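Asker: All I have is the shape, not the residue letters:
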């Protein structure tokens, strides 16, 4: 096992894998890569198992020095990829020799990029996962400048090509939530029919939105109840929040809808000010 040295960690870089679902009864969020299809693609490109841990970096700026020669792949938000100053491809397996510096630039679009290294990021698992949860900080700590990241032994050969995913379609499909009786009769139609904007406070816990307020017809608050990934919770100000991978296991605001699991990766790549539209799930 070799170690890769982090020279610049960027704005927020964490280790992520498939997450740790099944621990909500302990108060532990699931975590895991926000853009799961991008992380899975990166692992496939370098020959890793789907469960291998990758680095999720926010708005680029990551620079790591290879402790041993490995195949790598960068996916997700498209950014400039350099190895010792020479341009390499995004979305393709690339060889990084031992001692070389791999750096990721600021994405031209999107927010989160994923770096897979042949053999995976081999930090110690916590509760069966190597994912960092940014709500309770279960799992490995956030990646910082100077950190040494262990890398496992490579498995299968890299793939020269893989099927690219389609571009972001722009609408998040909704299923009606369990607390419709807390809202005006047409509140779900308002949510599905109007554009919303991403607020700057958005993070791995939730995508906070700004747009037409969703009118309540009941006062007070719910007793805390279980929350699911993709739940659209509505605080008293009427502005919806989509729960993402690090969401709390329980919440006290009513859930008007749930975003389809297959669309949640889009939330990982939305920037503050970006437009979000919803549609009823067919």
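Answerer: It's in. If you're wondering where the values come from, they're calculated on a predicted model, not measured in any experiment.
Asker: Helix or strand: which one has residue 98?
Answerer: Per DSSP states H and E, residue 98 falls between elements, in no helix or strand.
Asker: Just to check, it is in contact with residue 83?
Answerer: No. Between residue 98 and residue 83 there is no contact under C-beta atoms under 8 Å: 11.8 Å. In this view, the C-beta of every residue, glycine as well, is placed from N, C-alpha and C.
Asker: Who has more neighbours out of those two?
Answerer: Shown here are residue 98 and residue 83; by other C-beta atoms under 10 Å, residue 83 has more neighbours (17 against 11).
Asker: correct me, but the more buried one touches residue 96?
Answerer: Yes. Proximity of residue 83 to residue 96 meets the contact threshold set by C-beta under 8 Å, at 5.5 Å.
Asker: what do the two both touch?
Answerer: Listed as contacting both residue 83 and residue 96 by C-beta atoms under 8 Å, 6 or more residues apart in numbering are residue 102.
Asker: Leaving out chain neighbours, which residue sits closest to residue 60?
Answerer: Leaving aside its chain neighbours, residue 60 sits nearest to residue 106 (4.3 Å; criterion: C-beta to C-beta, 6 or more residues apart in numbering).
Asker: List the contacts of that neighbour.
Answerer: Taking C-beta under 8 Å, 6+ apart as the test, what residue 106 contacts is 59, 60, 61, 79, 80.
Asker: show me what contacts the residue most central in space within the chain?
Answerer: The centroid of the chain falls nearest to residue 34 when counting by C-alpha atoms, centre = their mean (1.5 Å). Taking C-beta under 8 Å, 6+ apart, we find residue 34 in contact with 16, 56, 112, 204, 244, 245, 264, 265, 267, 268.
Asker: now residue 6
Answerer: Going by C-beta under 8 Å, 6+ apart, residue 6 touches 13, 62, 63, 64, 143, 144, 145, 146, 147, 148, 149.
Asker: same thing but 10 Å
Answerer: For residue 6, the contact set (C-beta atoms under 10 Å, 6 or more residues apart in numbering) comprises 13, 55, 62-65, 143-149.
Asker: Next step: these restricted to strands.
Answerer: Cross-referencing the contacts of residue 6 against strands under DSSP state E gives 13, 55, 63, 64, 65, 148, 149.
Asker: Distance-wise, check the second one relative to residue 22.
Answerer: Taking C-beta to C-beta, to the nearest Å as the measure, residue 55 and residue 22 are separated by 24 Å.
Asker: pretty sure residue 269 is touching residue 111, no?
Answerer: Yes. Assessed by C-beta atoms under 10 Å, residue 269 is found in contact with residue 111 at 5.3 Å.
Asker: Show me which of these two is the more surrounded one.
Answerer: Comparing residue 269 with residue 111 by other C-beta under 10 Å, the one with more neighbours is residue 111, at 25 against 20.
Asker: With that, I have no additional questions.
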